[in-house]
Structure formats: C-alpha cells, structure tokens
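> Could you look at this predicted model? Sequence included:
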Amino acid sequence: MERMKEEMRAIMGKLKDFLGRIEQRQEEIIQTQVKHGEYIDSLGDFYENLNAQQQTFHQQFSTQLDEVEAQMEGLWVHLVPPPPPPPYALGEAPPRPPYNPPPY
C-alpha cells in the first residue's frame with residue numbers, strides 16, 4: 001500500500017511539473033500573441049500614415065504637373081502656329097480617283 005502511495009506521489013509530482021510547463025508555455029504564447037497584435041497595430045498605423053503621405057504627395061505634384069502642362073500649352077501656341085483649316089468643309093471633300101493597282 002505504501003508503495004502505491006509512493007508511486008502515486010511520483011506520478012502526481014510529474015503531472016504537476018508537466019502542467020506547470022504547460023501553463024508556462026501557455027503564458028509565453030499569450031505574451032507572444034499580445035506582442036504580435038501590437039506589432040500588427042503599429043504596422044497598420046504606419047501604412048495609414050504612409051498612405052496619407054502618398055495622397056498628399058500625389059495631390060501636390062498633380063497640381064504642379066497641371067500648372068506645368070498649362071504653361072507648356074501656352075508656350076506651344078506661341079512657338080508653333082496652329083495648322084490652317086482645310087480648303088473645304090469635311091462633308092464636301094472632292095471625290096478621290098479610283099485606285100488602280102500598279103501594272104507590275
């Protein structure tokens with residue numbers, strides 16, 4: 001009987017050690033999950049900030065590009081005169097001669 005009690009104590013001791021290691025590992029996992037959650041939140045904040053910066057950058061340089069384009073159009077009018085209008089209205093163009101393939 002005493003031997004069985006001794007074996008039960010040994011088994012219970014091993015079980016307590018095993019459960020203690022499980023609880024310790026569980027706590028480590030929970031802490032890691034918390035750290036991962038904080039890291040993901042900081043990444044989300046970073047990307048939101050980056051997106052806001054990109055939108056600001058896009059708006060600023062789109063405006064500048066529109067201004068440069070308007071200036072270029074103004075210069076283009078002064079540098080190259082527009083082509084003359086066609087000598088006839090588009091609906092009243094003279095007929096084209098029929099196509100004759102070359103004799104060779």
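Structure's in. What do you need? Numbers count the residues shown, from 1 in each chain.
> So which residues of the chain form helices?
2-79 (DSSP state H).
> Quick one: mean pLDDT for stretch 41-51?
For stretch 41-51, mean pLDDT rounds to 94.
> Kindly apply the preceding question to stretch 60-71 instead.
Stretch 60-71 shows a mean pLDDT of 92 in the predicted model.
> Report the distance from that stretch to the chain centre.
When distances are taken as CA atoms, centre = their mean, to the nearest Å, stretch 60-71 is centred 25 Å away from the chain's centroid.
> Repeat that for stretch 77-89.
46 Å.
> Give me the residues contacting it.
Pro94 (CB atoms under 8 Å, 6 or more residues apart in numbering). Bear in mind the C-beta positions are built from the backbone N, C-alpha and C, glycine included.
> hey, C-alpha coordinates of it in CSV?
Written as CSV, here are the backbone C-alpha positions of stretch 77-89 (Å, rounded to 0.1, in the frame of the first residue of the first chain):
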residue,chain,number,x,y,z
VAL,A,77,0.6,78.3,-79.0
HIS,A,78,3.3,81.0,-79.3
LEU,A,79,6.0,78.7,-80.7
VAL,A,80,4.1,76.7,-83.3
PRO,A,81,1.1,78.3,-85.1
PRO,A,82,-2.0,76.1,-85.4
PRO,A,83,-2.4,74.4,-88.8
PRO,A,84,-4.6,76.2,-91.4
PRO,A,85,-8.1,74.9,-91.8
PRO,A,86,-8.8,72.6,-94.7
PRO,A,87,-9.7,74.3,-98.0
TYR,A,88,-13.1,72.7,-98.0
ALA,A,89,-15.7,71.5,-95.5
